[in-house]
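S.K.: Need coordinates for the below:
(one chain, ligands or ions: 1)
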Amino acid sequence: MRVPLASSGLRDQDIQAVLRVLNSGNLTMGAEVKNFEKKMATYLGVENFVMMNSGSSANLLMIEALMRPSKEKPILHPGDSVLVPAIAWPTTIWPLVQLGLNPLFVDVNPETLALDLDKAQELIDTSRIPVRGLFPIHPLGYAIPPSKLDSFAKRNDLVLINDVCESLGSWSEGKHAGTSGVMSSYSFYFSHHITTMEGGGVATNDTNVADDLRSMRSHGWSRDRTDVASWTDKISSNDSKFLFVSTGYNVRPMEIQAAIGSLQIDQLEKFIEKRRYIATKVQKALQDSKLKIIGASSLDDEEARKSNSWMLIPIQVTGKDALNRKRIILRKLEELEIETRPVLTGNFLAQPAIQRITRHSVDPEQFTVASEITNTAFLVGAHHDLSEEQIKFLCSSLQSVASI
Ligand SMILES: Cc1ncc(COP(=O)(O)O)c(C=O)c1O
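M.R.: Numbers count the residues shown, from 1 in each chain. Next up, the predicted model:
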């Protein structure tokens, strides 16, 4: 029986909504996007949500907004260093590189896979490179406690932005993951907690930042800003529809994506409960075995459960010769049609693309936890569309390979 990492995630009602929008003739960004943005802001408990065509675009625009704001002084400047985790997604890192910043990699915590703040502090205290930003990923459904991020950023005078593309629906200390910083990014790519097929966006409580994001996603124009009148008053000779107030891209979402998102967000809590149910079943199946679920302690009690929305399930092979045993286990799981994948990209420093662009030549093996995770851990699916039979088969298959 095939157990995939993800499914399309679309329901009949989503497809009906797409048809309704297509038949309406309103295809490009409009009322559906506004409605979805309002729902997302309410769900996350923030003032503004700005939808885009992907989580990658959301990351790009967060950096652009910090470097080229239309009204305030820039917060980040070319050459500034920003702390990022060694287990990362490429498009968390590339916007920094593309816009002239220096990604400063920090090893991850072996229990959470998130950027290790103690190691980050050591790096700041011992290196002579001035650090200006903190850009953690909330990995695989895990919400990093906001108090830890906030106090670290404050203590070191850093701007805090959060990549929450893998952790929608995850809460810590009463806040949604990532919402305590200046901005946080989300992805609605089809394998994630909700889908808009492709899609993403940025949450922020800062209205100026939100206005800049609205300009930057759409060529830099002023049209969708809340302060559009203040710009048109200044430059009365131009048609206000064609007034450009910032740098920009075209990373707008489409109406069909937002129409799906508005229906999906209503289902989010149900989807996440199912994901937690799958993680609980897998945890029970692997109890006292040599396969360890990373982050399993979040299943211990009601409060901790909220802090993990289980995008996928990270499993680590423990004991002797783990690397070779992992290879055998993955081969066996493949034969059983249980889909697996590496933990994000593994140690990102070992990827050929990053090797070419890091300014200070770095040895990937320096990041010992990231390397260990790359060698010994893998991911299996926790998608909310898995059937009871698939969940049972996943558990029994994992149990059967646990003794290897
Ligand atoms: C941590 C992280 N950031 C960014 C992204 C990019 O999101 P998207 O695929 O919507 O561009 C992903 C994708 O899964 C991700 O895992």
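S.K.: Would you map the strands across the stretch 101-250 of the chain?
M.R.: 102-106, 131-134, 159-163, 171-172, 175-176, 183-187, 200-204 (DSSP state E, counting those that start in this stretch).
S.K.: ok, stretch 309-317 near the ligand or not?
M.R.: No - Stretch 309-317 lies out of reach of the ligand by CB under 6 Å from any ligand atom, never closer than 8.0 Å. For glycine as for every other residue, the C-beta is placed from the backbone atoms N, C-alpha and C.
S.K.: The stretch 151-300 of the chain against the ligand: which residues are in contact?
M.R.: 163, 165-166, 187, 189, 200.
S.K.: right, and residue 228 touches residue 214 too?
M.R.: No - Residue 228 lies out of contact with residue 214 (CB atoms under 8 Å); the separation is 9.6 Å.
S.K.: Can you pick out the residue with more neighbours from the two?
M.R.: residue 214 (24 against 19; other CB atoms under 10 Å).
S.K.: which residue does the stretch 251-400 of the chain bring closest to the ligand?
M.R.: residue 344 (6.3 Å; CB to the nearest ligand atom).
S.K.: let me redo that: the chain
M.R.: For the chain, CB to the nearest ligand atom, closest residue to the ligand: residue 55, 2.7 Å.
S.K.: neighbours around that residue, how many?
M.R.: That count, for residue 55 with other CB under 10 Å as the rule, works out to 26.
S.K.: how close does it sit to residue 34?
M.R.: 20 Å (CB to CB, to the nearest Å).
S.K.: can I get the strands of the stretch 101-250 of the chain in JSON lines with mean pLDDT and mean neighbour count?
M.R.: Formatted as JSON lines, the strands of the stretch 101-250 of the chain follow (pLDDT from 0 to 100; neighbours: other CB atoms under 10 Å):
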{"stretch": "strand 102-106", "mean pLDDT": "94", "mean neighbour count": "24"}
{"stretch": "strand 131-134", "mean pLDDT": "97", "mean neighbour count": "22"}
{"stretch": "strand 159-163", "mean pLDDT": "98", "mean neighbour count": "24"}
{"stretch": "strand 171-172", "mean pLDDT": "98", "mean neighbour count": "22"}
{"stretch": "strand 175-176", "mean pLDDT": "98", "mean neighbour count": "20"}
{"stretch": "strand 183-187", "mean pLDDT": "98", "mean neighbour count": "29"}
{"stretch": "strand 200-204", "mean pLDDT": "98", "mean neighbour count": "28"}
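S.K.: Need those strands in a markdown table (columns: distance to residue 29).
M.R.: Output for these, formatted as a markdown table (distance: least, CB to CB, whole Å):
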| stretch | distance to residue 29 |
| --- | --- |
| strand 102-106 | 31 |
| strand 131-134 | 29 |
| strand 159-163 | 23 |
| strand 171-172 | 29 |
| strand 175-176 | 24 |
| strand 183-187 | 17 |
| strand 200-204 | 12 |
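S.K.: And the helices in the stretch 151-300 of the chain?
M.R.: Applying DSSP state H, counting those that start in this stretch to the stretch 151-300 of the chain gives helices spanning 207-216, 228-234, 255-285.
S.K.: need the contact list for residue 128.
M.R.: Applying CB atoms under 8 Å, 6 or more residues apart in numbering to residue 128 gives no contacts.
S.K.: Looking at it now. What's its pLDDT?
M.R.: Listed pLDDT for residue 128 reads 82.
S.K.: Please apply the same query to residue 236.
M.R.: On the pLDDT scale, residue 236 is placed at 63.
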